[in-house]
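K.L.:
Sequence first, predicted coordinates after that:
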Amino acid sequence: MKSTETSSWSNALRIYLHPRVIGMLSLGFSAGLPLLLILGTLSFWLREAGIDRATIGHLSWIGLAYSFKWLWSPLVDRMPLPVLTRLLGRRRSWLFLSQIIITIALIGMAFTDPLLNLTQLVFFALAVAFASATQDIALDAYRIEAVAIELQGAMAATYQGGYRIAMILASAGVLWIAAAMDASETTYEHFPWQVAYLAMACSMVVGLMTTLIIREPNVVYNQQVSENEKIALQRMATWNLSPRINKALAWLYSALIAPFRDFIVRHGRQALMILALIAIYRISDVVMGVMSNPFYVDMGYTKDEVATISKVYGVIMTIAGAAIGGVLTAKIGIMRTLFLGAILSAATNLLFVWLAGQGHNVSGLILTISADNLAAGIASSAFIAYLSGLTNSAYSATQYALFSSVMLLLPKFIAGFSGQFVDAYGYENFFIATAIIGLPVLILVWMAGQARFEKTNEK
């Protein structure tokens, strides 16, 4: 019996040797790099520059670009780019364009001092956010189309591994570079942050080179799309419009309406419950994350301390969490791993409550960051696999963009008030609140699991 179990776990681990699974590591890196540079790390920079917490909290709404990416995802799904689409293909052309814009906008952020021109810095940060969201649309579609559903857990895990490595670089790496270039920890200087953000812009080369190397996935999707257009054309034939207008309207129907109609038709009465789960699954982490770096600053931790701990322990635990999440998804199923990830995400926020009462405690910071990253890795791998399984390959970019947008909209909106909450009630109460708002997730995961079980039995 033990030999059989060992073989079963060995087979579960072997999925990480698939070439496309391995390739997702560098693609995940490209996706993860911009996020913290306009959110958590930027909040550290702004706080050190003397920007008040309420303003920092409001500026986290820059991240809402990720929540509205479903609005332009149909264009990424269907619209070819001049020259680039012919040379690189449908997915890679949009990846390449978005990565170029991210790189240029990061350079713009690097050369802008928030004390002298906060508005300009926000403009460049918004450009990073919109380009990064566009990159996510194309990359998520590529990931879903590249392999079968059985490998999506592993794809999500390696994607998260690369994503988290990039996030560590964009947080710990930036802080370490800024600290190394900073002559004094007691006074604010723009130059160290300029060097750090220029280094991040250079790091986008990883994404650009990977985009040029990978191949387009071999997915048959045109048949279903064309069938939708044919149906729309037949319905509009009675409208007495010109053929050109009919064709344009049919394209709009197929690109904008059909993807959402397809999701509702396939999931029926469970569609709203699924969307509700997506909307709040990551709420504990997202809301808490905006104030984590200002918390470190206010607790007296230096850039070197936060960077070193995040770099060493954060990298190890996030990669471990993502890998564990991928294996658990293959071994015990997506829904059970989702449930475990939800529990861990809420529970680890309580460690920040404990840390707030410890004062300047480096060992406590190590424990808290390690546990938080491990939980996030497990939850993210399972959640990405779950979302991937909900899509139809005919509309993978549009549908996944809808899911990931819904995932971020409510949490990021609430997170915008996090600075005001901390000012009014303190860090301890804030972290407790972020744990409590994660409890309804457990109920929705259980309901989604029951619905999935019933649907499987019906088949």
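P.N.:
It's in.

K.L.:
next structured bit after the lowest-mean-pLDDT helix or strand in the chain?
P.N.:
Least confident helix or strand of the chain, by mean pLDDT, DSSP states H and E, is helix 2-14 with a mean of 55. Counting by DSSP states H and E, the element after helix 2-14 in chain order, helix or strand, is helix 19-37.

K.L.:
what comes up buried for that next one?
P.N.:
The neighbour-count check on helix 19-37 (16 or more other CB atoms under 10 Å) flags 20-21, 23-37 as buried. The way it works is simple: take the backbone N, C-alpha and C, and place the C-beta from them, glycine included.

K.L.:
Likewise for stretch 273-281?
P.N.:
Within stretch 273-281, the residues that qualify as buried are 274-281, counting by 16+ other CB under 10 Å.

K.L.:
Now for those residues: which two are most distant?
P.N.:
Across the buried residues of stretch 273-281, the longest distance by CB to CB is 11.8 Å; it joins Ile274 and Ile280.

K.L.:
How about the backbone phi and psi for Gly416?
P.N.:
Dihedral angles of Gly416 (phi, psi; degrees, to the nearest 10) stand at phi -60, psi -20.

K.L.:
I misspoke; the intended subject was Ile51.
P.N.:
Dihedral angles (degrees, to the nearest 10) for Ile51: phi -70, psi 140.

K.L.:
OK, contacts around it?
P.N.:
Counting by CB atoms under 8 Å, 6 or more residues apart in numbering, Ile51 makes contact with 114, 118.

K.L.:
Check Met167 too.
P.N.:
Going by CB under 8 Å, 6+ apart, Met167 touches 32-33, 35-36, 318.

K.L.:
low pLDDT regions in the stretch 51-200 of the chain?
P.N.:
147-153, 185 (pLDDT under 70).

K.L.:
Farthest pair within the contacts of Met167?
P.N.:
Pairwise over these, using CB to CB, the maximum falls at Leu33 and Thr318, 14.2 Å.

K.L.:
rewinding a little: mutual contacts of Ile274 and Ile280, please.
P.N.:
Common contacts of Ile274 and Ile280, defined by CB under 8 Å, 6+ apart, are absent altogether.

K.L.:
Gly416 is in contact with Ile62, isn't it?
P.N.:
No. Counting by CB atoms under 8 Å, Gly416 stays clear of Ile62, with 9.8 Å between them.

K.L.:
if we can go back for a sec, looking at the contacts of Met167, which one is closest to Ala170?
P.N.:
For the contacts of Met167, the residue nearest Ala170 by CB to CB is Leu36; the value is 4.2 Å.

K.L.:
can you pull the contacts of the nearest residue to that closest one once chain neighbours are set aside?
P.N.:
Distances taken as CB to CB, 6 or more residues apart in numbering place Ala170 nearest to Leu36, at 4.2 Å, with adjacent residues excluded. Ala170 is in contact with 32-37, 41, 200, counting by CB under 8 Å, 6+ apart.

K.L.:
how near is Ala170 to Ile274?
P.N.:
Look at Ala170 and Ile274: by CB to CB, to the nearest Å, they are 31 Å apart.
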